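[1] dropping a prediction and its sequence here:
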Amino acid sequence: MTLAPPAHERGVTTLTLDSPANRNALSARLVGELAESLDACAADDSVRAVVLTHTGNTFCAGADLTAPPDPHDLVALMRSVIALPKPVVARVTGHVRAGGLGLLGACDISVAGPESSFALTESRLGLAPAVISLPLLPRLDPRAAARYYLTGERFDAAEAARIGLVSVAADDADKALEPVLDGLRRASPQGLAASKELVTATVLRSFDQYAEDLIARSAALFASDAAREGMTAFLERRDPAWVL
């Protein structure tokens, strides 16, 4: 399994990415398991909210280059997080890279601890953050998005909160999560669903308008010579040919 068995406590279901050997990278298997678990949460009236977290020191390292998911499946997973009629809260106490930021950006609320770090590294592989732009660009500060999309620089939890990637940067992620979950438990299921529909409308429109175009762009980039060099260099732990 790449996803731990769900845990339930007072209306909150916790889904834990549990593939530390590959830094919880988004393999086809992990994407499928997570999609099935979200569908189960949607159908379960006892689930008030979902917490998405991880084992190990990495929340998600992006796409698994050795067993990547179909881009349509990745888009469907991010959209299901956004369209789920129940809040999805990310708890991050580790690194988030590339496609992992798309998964994080799809969540409604997110809390990041001091061990967290973030980077959009696609440009360094000859790629671009194409499909993950669907949840990210409607939410990120535009100037910050331009910087981090282009440079691939790493940034911390405080910067992630400043630019709109996460909701809260905290010294203790679990302590910061307590009032969030308390608030969700006090809300009615109908109120949560209706309120979430309001705040996600713009993001969902971006999926409806741009998903197919961005999937095509992503496929073209992955098939390019530059991407083959970038991914080979990454796997061989060396600089790609274009580094000056």
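    Everything's here; your move. Numbers count the residues shown, from 1 in each chain.

[2] contacting residues around Phe155?
    Ser117, Phe118, Ala119, Tyr148 (Cβ atoms under 8 Å, 6 or more residues apart in numbering). In short, each C-beta sits where N, CA and C put it, glycine included.

[3] checking Phe8 next. Helix, strand or coil?
    Quick fix: residue 8 reads His, not Phe. strand (DSSP: H, G, I helix; E, B strand; the rest coil).

[4] give me the neighbour count for it.
    Using other Cβ atoms under 10 Å, His8 is surrounded by 12 other residues.

[5] ok, Val168 next?
    Counted with other Cβ under 10 Å, Val168 comes out at 17.

[6] for it, phi and psi?
    phi -140, psi 130 (degrees, to the nearest 10).

[7] could you report the distance from it to Pro114?
    12 Å (Cβ to Cβ, to the nearest Å).

[8] just the ones of the contacts of Phe155 in helices?
    Members of those lying in helices (criterion: DSSP state H): Tyr148.

[9] which one of the contacts of Phe155 is nearest Glu197?
    Checking these against Glu197 by Cβ to Cβ gives Phe118 as the nearest, at 27.8 Å.

[10] surely that closest one and Ala160 touch.
    Yes - using Cβ atoms under 8 Å, Phe118 makes contact with Ala160 at a distance of 5.2 Å.

[11] mean confidence (pLDDT) on the lengthiest helix in the chain, please.
    Ranked by number of residues, the top helix in the chain under DSSP H is helix 189-222. The predicted model assigns helix 189-222 a mean pLDDT of 97.

[12] excluding its backbone neighbours, what's nearest Pro71?
    In space, and not counting its chain neighbours, Pro71 is closest to Ile215: 4.5 Å by Cβ to Cβ, 6 or more residues apart in numbering.

[13] and Val96, what element?
    In the assignment (DSSP states H and E), Val96 maps to strand 95-97.

[14] same for that strand, what does it pack against?
    Contacts defined by 3 or more Cβ pairs under 8 Å, 6 or more residues apart in numbering; DSSP states H and E place strand 95-97 against strand 58-60, strand 117-119.

[15] pick the most buried one from those strands.
    strand 58-60 (a mean of 27; mean count of other Cβ atoms under 10 Å).

[16] and that strand, which strands flank it?
    Strand 58-60 has the following strand partners under DSSP bridges: strand 95-97 (parallel).

[17] would you mind pulling the contact partners of the strand it pairs with?
    Against strand 95-97 from outside (Cβ under 8 Å, 6+ apart): 23, 57-62, 104, 116-121.
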